[in-house]
Structure formats: structure tokens, C-alpha cells
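S.K.: When you get a sec, could you give me coordinates for this:
(one chain, ligands or ions: 1)
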Amino acid sequence: MTNDLTRWSAARMADSLARREISAVELTQAHLDRIAAVDGSVHSYLHVDETGVLAQARAVDDARARNEDLHVMAGVPIAVKDVVATEGLPTTCGSRILSGWIPPYDATLVTKLKAAGMPILGKTNMDEFAMGSSTEHSAYGPSRNPWDLERIPGGSGGGSSSVLASFQAPLAIGTDTGGSIRQPASVTGTVGTKPTYGGVSRYGLVALASSLDQAGPCARTVLDTALLHAVIGGYDPRDSTSIHAPVPEVVRAAQSADVSGMRIGVVKQLSGEGYQAGVQARFNEAVALLVDAGATVVEVDCPNFQYALAAYYLILPSEASSNLARFDAMRYGLRALPEGVDDPSAEQVMAATREVGFGAEVKRRIILGTYALSSGYYDAYYGQAQKVRRLIAQDFDRAFEVADVLVSPTAPTTAFKIGEKLDDPLAMYLNDVATIPANLAGIPGMSLPSGLATEDGLPTGFQILAPATKDERLYAVGSALERELVSRWGGHLLEKAPTLATVGAEVAR
Ligand code: GLN
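M.R.: Now for the predicted structure:
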């Protein structure tokens, strides 16, 4: 075991803090030092709150010194995706239009992190308004994949995935509207869960597509992910779609790692053509390991999944075009004045602000969504997509009659090169082919590392899906698989990452 605190699991950090072997300030400072050493190369953070995070850590240490009752996670630091409102800290959503906006309130999940005593290191980079699969659409420049700095760390939550893979935080918050927690986890060798829709409050998230958006936990191990899930989950009267039920028993499930007698459904439509050979190979091996651990395997047929991407790229832009209407130069962030106009109208200021404030992908989706919702085309596009959404949910219902969980590769390929897909929106959208169905149906999903693709040596992801509100099943299966894989690898997959050790050296040079 290493003495470098940043390499520890969050569970071990929590344990050592509780035993008073380390202090929260010491642990936080270790992460700030790591950030100073490597974030110049990785660019995971948009904002680091050095003073605030140390003050929060000190408060935990003081409370512990007074023998106050503390949450198990008290003192474990965390990074938060910049789509989440944080009182007094910049929240840009990766967009120029929100530059300079400092929220006057905390999102509910941030309130929960603070109540648990988890110091917030800073805000992580993302594709603008969470639109993308690479963070290249961030107005502030891309984040980089710690496995290979020339490659993408996934998106939209590539800041939160790369922060974990480069040991700049042990835990991170992500949001997943079509895969933005799971696909970044997949390509960086980390873990991420999209909880059941309504399982974590959306209050204080900058809305992308409200019927799909879901915040969730990101970490390096399945247990760490569960520990964070338990902190942020639960009913919130401020979110009208919040589930009125206790948080699923995710920590206990992760600790049990029990898959005996579990029926694992392999989704026929989420494999084969379009899936990289190495991704598919690691997936097949992982399924075999689950069988060794006591599960049974069935193949399930979800014929309507072939329409998932098309339906998603009508529903998401439609909702986004409505949600983003609030960025009108009057209420938040940027205000640009039209050139050469003496006494501009509100409309002219709005147009000028949106012209410079929104990037190309955001404009593309607003135009698409406005078109799909227009009266002449509503039935043909948006209405039709909603019907497909229902069919996909029915495919899931049928599949879950014969399987307790469903599995697939998380993303069809390993991390691609920065720039490779930037000018080809359709190629970018295809990264989400396996993650989108879960968002359309509102069910929970997890991605965890399944190994390295032989052809490029990059991480591959394994996706687990469960019926709505049965999030604990993800953790039981994920933990069982992780145990088998880690014992095969002789350690965490991240220990095999080639550039991690040298990221710091590159900055120093
Ligand atoms: N890559 C998907 C998109 O661009 C997912 C976005 C998300 O989950 N926030 O829409």
C-alpha cells in the first residue's frame, strides 16, 4: 500500500480519517498538491477552490477533535461537475454564456455533500451544457485522458472522469443525460453510475433535457461509487420528479458482491457491428467471470434499441431548446451588445449574446429542437420520438422478465484522439449508442472497467443496467465483477496506466 494519499480509495480515506490516522486538511492538501502538479496537463478542473476546500476540511478536523458525531464520509474531498450550482463558486456549464455567473444557492446534492462534511475541491470541465462525448465542446478547452494525453476522457463529464484517473480527487459528481457519467468512466478506467431517474435530486442542476437528466456518483471503485451514491441520493421536495422512497441499499450490495443465482441478460442489439474487437473481447470475458461467480446468462432481444439514438437526438434537442431559452442576456452571465447599434432592443442584445455565448454544438441542437417542436413537424418528429421512447421502455420491461440485470459494453470503442470526431457530429453521437436506452427508459446504469483493449492498450467499459429503483443490483454485480478482475490483474486497472506516473514530470519539465 502506498503512502501517497491521493492513490487511496475513498473507503480507505474515510476509514483512516475516522481512526484519526490522517486529517482532512492533510488529505485535502495532498489533492491540492496533486492538482498543482498535473492539472496543467490534464485540465480536469475549470475552477479550484483552494481556500474554501481547506476551510471545509479544517471544520471537519475541528468537529472530530470535539468528538462530534460525523458522517462516515466526513473529510473525504470531492470534485463537482460544473453543471451543478455551487453557492459562491463559479458555475459555467462549460459555456461562455455563463462566464462570471456565481450561483446564490447550492444544488440539493451539494447541500448533502456539505452536510456530510465532504470538502469540495472545485468544479470539473465538461462539454458545453453537457452536449458531447469528449469535452471538446467545452468553451474552455478540452480535458485530456490520463491514459494518453492526446486522447479524449469521454464526455460530457470528461473533467470528472479524468480527475479520478489522474488522482486529483477520489470522488466526483457527474450528470448523465445520454451517457455522460458512463461513457467517460468507460474510456478512463473508472466507475460511474447513472441512478434511476429521480433517484438523485435535479434541483440546482443546469437543465439540459429535464426528462433525461440524472446526477450520479463517479469514483475509482464500485464501493466508493456506492458510498457517494448513498450521500447524494434520496427524496427532495424541491424536485417534482424526485422518487419518494429511501435510497436503495447500494453500499450493502457493493459489500456483498453476491451474484449467485442472478440472471444476467446480454443485450443482443448492443454488440457486434460497430463495436471494437478489443472492447467486445473484454466484455465477453467479463460475462464469463460473472458465470464463474455464480450467475447465469441469457441473451435478450431489444429490437427497438435500433431507434434509440434517433429518438434521443430529437427528444434531447427539443427539451434543450426550451431549457436554454432562459439564457437571454438578462438573467445570468454574459451580456454582449450588438456592434454598431446605438440603442439596441432586448432582442438584439439577446441575439448578440447568444451568437458569441453559445458554441457550435449548442446552436446546432437548439436549431434542431426548435424545428422538431415546430407546429408543422411536431407529430412527425417529437411525437414520433416519444412513441419510440415508449417502445424502448417496453423492450426493457420484457427483458427484465427473464433477467435481473442487463449487460453490454458501455461504449463501442476506447478513447479516440482529440480532434478525430470533432467535425463529425454523427460520429460523436454514435458513442452513446449503448448508454442512451437507459436514459430514455429512466432506469439505472453503471459502467466499470473490464480491462484494456489488446489493439490499443486503452481501457474498456462494462455496462450493467437494472430495473427502475433496483440500483442496488448494479452494485452487487459490479462489485462481484470488480473483485474477479482485480484479482486477475493483481491490482486496480489504473495502476497499469502508462502516463499517470509521468503526468507530473511533464508539467515540471
Ligand atoms: N453524449 C451525449 C450527448 O451529447 C450525452 C450527454 C449527457 O449525458 N449529458 O447528448
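S.K.: Close to the ligand: what parts of the stretch 201-350 of the chain are there?
M.R.: L208, L316 (Cβ under 6 Å from any ligand atom). Glycine gets a C-beta too; all of them are placed from N, C-alpha and C.
S.K.: quick one: the strands in the stretch 351-500 of the chain?
M.R.: Secondary structure of the stretch 351-500 of the chain by DSSP state E, counting those that start in this stretch: the strands cover 405-409, 445-452, 459-465.
S.K.: Which stretches in the chain count as strands?
M.R.: 45-48, 78-81, 120-124, 171-175, 191-194, 215-219, 263-267, 296-300, 405-409, 445-452, 459-465 (DSSP state E).
S.K.: will you turn those strands into JSON lines that also has distance to A37?
M.R.: Output for the strands of the chain, formatted as JSON lines (distance: least, Cβ to Cβ, whole Å):
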{"stretch": "strand 45-48", "distance to A37": "13"}
{"stretch": "strand 78-81", "distance to A37": "16"}
{"stretch": "strand 120-124", "distance to A37": "14"}
{"stretch": "strand 171-175", "distance to A37": "18"}
{"stretch": "strand 191-194", "distance to A37": "24"}
{"stretch": "strand 215-219", "distance to A37": "21"}
{"stretch": "strand 263-267", "distance to A37": "41"}
{"stretch": "strand 296-300", "distance to A37": "44"}
{"stretch": "strand 405-409", "distance to A37": "33"}
{"stretch": "strand 445-452", "distance to A37": "24"}
{"stretch": "strand 459-465", "distance to A37": "22"}
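S.K.: among these, which is the most enclosed?
M.R.: strand 191-194 (a mean of 32; mean count of other Cβ atoms under 10 Å).
S.K.: where in the chain is pLDDT low?
M.R.: Low-confidence segments of the chain (pLDDT under 70): 1-2, 501-509.
S.K.: Next, the contact list for the residue nearest the centre of the chain, please.
M.R.: The chain has I181 as the residue nearest its centroid, 2.1 Å off, counting by Cα atoms, centre = their mean. I181 sits next to G157, S160, G174, T175, G192, T193, K194, G216, C218, S447 when contact means Cβ atoms under 8 Å, 6 or more residues apart in numbering.
S.K.: What parts of the chain come near the ligand?
M.R.: Residues of the chain lying close to the ligand (Cβ under 6 Å from any ligand atom) are 130-133, 155-156, 175-180, 208, 316, 432.
S.K.: before we move on, back to that, report the separation between the residue nearest to the centre of the chain and G272.
M.R.: 25 Å (Cβ to Cβ, to the nearest Å).
S.K.: Over to P437?
M.R.: Counting by Cβ to Cβ, the gap from P437 to G272 is 16 Å.
S.K.: Neighbour count: those two, which is higher?
M.R.: The residue with more neighbours, out of P437 and G272, is P437; 32 against 8, by other Cβ atoms under 10 Å.
S.K.: so who does the more buried one touch?
M.R.: Applying Cβ under 8 Å, 6+ apart, the residues near P437 are C302, F305, A308, I392, D395, F396, L465.
S.K.: Dump these to TSV, plus distance to P237.
M.R.: Formatted as TSV, those follow (distance: Cβ to Cβ, whole Å):
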residue	distance to P237
C302	35
F305	35
A308	32
I392	30
D395	33
F396	29
L465	28
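S.K.: Looking at those residues, which one is closest to Q280?
M.R.: Nearest to Q280 out of these is F305 (Cβ to Cβ; 16.7 Å).
S.K.: Count the neighbours of the closest residue to that closest one other than its chain neighbours for me.
M.R.: Of all residues not flanking F305 in the chain, Q269 sits nearest, at 4.2 Å (Cβ to Cβ, 6 or more residues apart in numbering). For Q269, the neighbour count with other Cβ under 10 Å is 18.
S.K.: Now Q269. Its backbone dihedrals?
M.R.: phi -70, psi -20 (degrees, to the nearest 10).
S.K.: before we move on, what about the one 3 residues further on?
M.R.: Backbone dihedrals for G272, given as degrees, to the nearest 10, come out at phi 80, psi -130.
S.K.: residue contacts, it?
M.R.: Counting by Cβ under 8 Å, 6+ apart, G272 has contacts Q280.
S.K.: Next, work out how far apart it and L440 are.
M.R.: G272 is 21 Å from L440, by Cβ to Cβ.
S.K.: how about the helices of the stretch 201-350 of the chain, start to end?
M.R.: Taking DSSP state H, counting those that start in this stretch, the helices of the stretch 201-350 of the chain run over residues 222-232, 250-256, 277-292, 308-323, 346-357.
S.K.: got the CA positions of the first one in PDB?
M.R.: Just to be clear, that refers to helix 222-232. Taking C-alpha atoms only, helix 222-232 is exported to PDB below (Å, rounded to 0.1, in the frame of the first residue of the first chain):
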ATOM      1  CA  VAL A 222     -17.600   0.200  -7.100                       C
ATOM      2  CA  LEU A 223     -17.700   0.500  -3.300                       C
ATOM      3  CA  ASP A 224     -16.500   4.100  -3.500                       C
ATOM      4  CA  THR A 225     -19.200   4.800  -6.000                       C
ATOM      5  CA  ALA A 226     -21.800   3.300  -3.700                       C
ATOM      6  CA  LEU A 227     -20.600   5.300  -0.700                       C
ATOM      7  CA  LEU A 228     -21.100   8.500  -2.700                       C
ATOM      8  CA  HIS A 229     -24.400   7.400  -4.100                       C
ATOM      9  CA  ALA A 230     -25.700   6.900  -0.600                       C
ATOM     10  CA  VAL A 231     -24.700  10.500   0.300                       C
ATOM     11  CA  ILE A 232     -26.300  12.300  -2.700                       C
END
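S.K.: Residues touching it, excluding its own?
M.R.: 9-11, 14, 71-73, 78, 109, 112-113, 116, 118, 170-171, 173, 191-193, 195, 200, 215-219, 247, 250-251, 253-255, 446, 448, 471, 475, 478-479, 482.
S.K.: Just give the number of residues close to the nearest residue to R483 once chain neighbours are set aside.
M.R.: Distances taken as Cβ to Cβ, 6+ apart place A257 nearest to R483, at 5.5 Å, with adjacent residues excluded. When counting by other Cβ under 10 Å, one arrives at 19 neighbours for A257.
S.K.: can you tell me which residues contact A257?
M.R.: A257 is in contact with A476, S479, A480, E482, R483, counting by Cβ under 8 Å, 6+ apart.
S.K.: ditto for T177
M.R.: T177 sits next to A130, S156, L208, A209, L212, D213, Q214, L316, N439 when contact means Cβ under 8 Å, 6+ apart.
S.K.: In contact with the residue nearest to Q168 when sequence neighbours are not counted, which residues?
M.R.: Distance criterion Cβ to Cβ, 6+ apart; nearest residue to Q168, sequence neighbours excluded, is I35 at 5.0 Å. For I35, the contacting residues are Y45, V48, L121, G122, Q168, by Cβ under 8 Å, 6+ apart.
S.K.: which one of those residues sits closest to V356?
M.R.: Each of the contacts of I35 was checked against V356 using Cβ to Cβ; the closest is Y45, at 24.1 Å.
S.K.: so what's the closest one closest to, chain neighbours aside?
M.R.: G122 (4.8 Å).
S.K.: what's the neighbour count on the spatially closest residue to Q29 that is not a sequence neighbour?
M.R.: Closest residue to Q29 apart from its sequence neighbours, by Cβ to Cβ, 6+ apart: L54 at 7.2 Å. By the criterion of other Cβ under 10 Å, L54 has 18 neighbours.
S.K.: L54 contacts V25, correct?
M.R.: Yes - using Cβ atoms under 8 Å, L54 makes contact with V25 at a distance of 6.3 Å.
S.K.: was I right about A453 contacting E285?
M.R.: No - applying Cβ under 8 Å as the test, A453 and E285 come out as separate, 11.8 Å apart.
S.K.: Tell me the spacing between the nearest residue to A116 once chain neighbours are set aside and D15.
M.R.: Counting by Cβ to Cβ, 6+ apart, H71 is the residue found nearest to A116 once chain neighbours are left out, at 4.0 Å. Note on H71: its distance to D15, by Cβ to Cβ, is 13 Å.
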